[in-house]
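Student: Dropping the sequence and predicted coords here.
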Amino acid sequence: MTGSGQVTNVAAVGNVRLEFTVEPFRDGAPGPHVRAAIAAATAGGLAADVGPFGTTVDGPAAEAFDAVRALLGAAFAAGATRVSVQVTALEGVAP
């Protein structure tokens, strides 16, 4: 059940890819808001591929959805002004 009271069958989604970008951008090394988001996204055991314009994380939907909540909280707590997240199903979604 989600926080809104809706029942969600995340197992039916399978694996997903999260792609996220945390702003503001800083030249050179990622700022603390970016590092916090990456740490939160990977705390549950998912591996991150950190690129120059964003970070990608693949994994089971349940873990990935938990990672989204965690990375949003961590990024904004560390000074982010905007976080963009895209979630893509990597397998067919069961009805």
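Tutor: Received it, and whenever you're ready, just let me know what you need.
Student: can you give me how far the helix ranked longest in the chain is from the chain middle?
Tutor: In the chain, with assignment by DSSP state H, the single longest helix is helix 61-77. Its chain's C-alpha centre and that of helix 61-77 lie 5 Å apart, by CA atoms, centre = their mean, to the nearest Å.
Student: Now do it: everything it contacts.
Tutor: Here helix 61-77 makes contact (CB atoms under 8 Å, 6 or more residues apart in numbering) with 10-11, 13-16, 18, 20, 22, 33-34, 36-46, 57-59, 83, 85, 87, 89. Yep, even glycine has a C-beta here, placed from its N, CA and C like the rest.
Student: Please name every helix or strand in contact with the helix or strand containing Ala40.
Tutor: Ala40 belongs to helix 32-42 when assigned by DSSP states H and E. Applying 3 or more CB pairs under 8 Å, 6 or more residues apart in numbering; DSSP states H and E, one finds that helix 32-42 contacts strand 15-23, strand 48-50, strand 55-60, helix 61-77.
Student: quick check: angle from the longest one to strand 55-60?
Tutor: In this structure, helix 61-77 runs at an angle of 150 degrees to strand 55-60, with axes from the mean of the first three to the mean of the last three CA atoms, to 10 degrees as the basis.
Student: returning to what we had before: hmm, who's touching the helix holding Ala40?
Tutor: So helix 32-42 is contacted by 18, 20, 22, 24, 26, 30, 48, 50, 55, 57, 67-68, 70-80, 83 (CB under 8 Å, 6+ apart).
Student: Tell me the buried residues within those.
Tutor: 18, 20, 22, 30, 48, 55, 57, 67-68, 70-72, 74-76, 78, 80, 83 (16 or more other CB atoms under 10 Å).
Student: Work out which residue lies at the spatial centre of the protein.
Tutor: Val68 (3.7 Å; CA atoms, centre = their mean).
Student: What distance do you get for Asn47 to Arg26?
Tutor: That one is not Asn; residue 47 is Ala. To Arg26, Ala47 is 24 Å away according to CB to CB, to the nearest Å.
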